[in-house]
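**Student:** Give me coordinates for this.
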Amino acid sequence: MRKGLSVLILSIVTLGLAGCSQAKTPDISSVSIEKDGTVSHQIVGQFEQNYYEMDGLSALAAQRVEEYCAGHGDGSVELQSVESEDGKILIDLKYASPEDYSSFNNRELYVGTLEDAASQGYVLEKVAFVSAKGEPMELGYIDDPESKKIMIAASKPGEEMIVNTYGKALYINQSAGSGMEVSFAGKKSVRIAYPAAEDGTVSAETLSYVIFE
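**Tutor:** Numbers count the residues shown, from 1 in each chain. Here you go, the predicted structure:
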């Protein structure tokens with residue numbers, strides 16, 4: 001049983017799938033960018049379990065968090081809860097920063113100003129943005145850019161997530177030719193889906209961009 005639980009932890013915790021729906025129990029995982037700089041993360045997975053399997057899963061999740069904090073500082077990641085609802089596993093985590101989310105999940109996540117993103121090497125001028133109304137927007141024509149924030153997240157094929165920002169989502173990158181789908185899911189939410197290739201070929205991680213205020 002422990003081997004199976006370890007596989008589950010590795011497959012849903014380290015992948016960092018993200019998203020939530022309006023249903024009582026979310027269908028996909030979610031990442032929420034908080035104004036205080038922390039990141040809330042709810043992982044949704046399917047698993048056939050009984051009470052003892054859930055107990056073991058909780059212990060493994062807690063162990064992984066403890067191991068991470070031992071090397072990165074107390075509170076860098078907190079395990080909020082591990083629950084089972086409607087045949088789904090829900091794991092709630094909280095990270096002290098986007099950098100901790102990235103390190104813990106081995107998945108890129110950047111949150112900052114447009115200016116700081118450029119200084120970190122992100123070439124935003126090459127990104128084709130679109131507004132909630134479907135209107136294309138070039139970075140150089142965005143009003144009051146110094147007041148805007150940007151979230152940049154990496155996804156792998158087969159992943160789907162909802163990203164929630166603490167401010168209004170203004171622009172997202174247009175869906176890429178790779179099959180990546182990025183769409184508005186509310187005033188402060190964006191859905192990111194990266195379907196796996198039908199022929200089984202493995203594609204590299206792809207970045208998604210959300211500008212908000």
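**Student:** contacts and neighbour counts: CA atoms only from here.
**Tutor:** OK.
**Student:** Val82 touches Ala62, doesn't it?
**Tutor:** No: taking contact to mean CA atoms under 8 Å, the distance of 9.4 Å between Val82 and Ala62 leaves them out of contact.
**Student:** And the regular element (helix or strand) spanning Val44, what does it pack against?
**Tutor:** Here Val44, judged by DSSP states H and E, is contained in strand 39-46. When contacts are defined as 3 or more CA pairs under 8 Å, 6 or more residues apart in numbering; DSSP states H and E, strand 39-46 packs onto strand 29-33, strand 88-95.
**Student:** Following that strand in sequence, what is the next regular element?
**Tutor:** helix 51-72.
**Student:** Centre of the chain to stretch 156-171, how far?
**Tutor:** Between the centre of stretch 156-171 and the centre of its chain there are 7 Å (CA atoms, centre = their mean, to the nearest Å).
**Student:** Just the buried residues of it, please?
**Tutor:** By neighbour count, and taking 16 or more other CA atoms under 10 Å as the criterion, the buried residues in stretch 156-171 are 156-157, 159-167, 169-171.
**Student:** Tell me which two of those residues sit farthest apart.
**Tutor:** For these, the maximum inter-member distance is 27.7 Å, found between Pro157 and Gly167 (CA to CA).
**Student:** where along this protein do the strands fall?
**Tutor:** Taking DSSP state E to define them, one finds strands in the chain at 29-33, 39-46, 77-85, 88-95, 109-113, 129-131, 136-137, 149-155, 159-164, 169-173, 181-186, 189-194, 206-212.
**Student:** would you turn these into CSV with mean pLDDT and distance to Met54?
**Tutor:** CSV is the format used below for the strands of the chain (pLDDT from 0 to 100; distance: least, CA to CA, whole Å):
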stretch, mean pLDDT, distance to Met54
strand 29-33, 95, 19
strand 39-46, 89, 12
strand 77-85, 91, 8
strand 88-95, 92, 9
strand 109-113, 96, 29
strand 129-131, 96, 43
strand 136-137, 94, 47
strand 149-155, 95, 28
strand 159-164, 94, 24
strand 169-173, 97, 36
strand 181-186, 95, 32
strand 189-194, 94, 28
strand 206-212, 95, 33
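**Student:** That'll do, ta.
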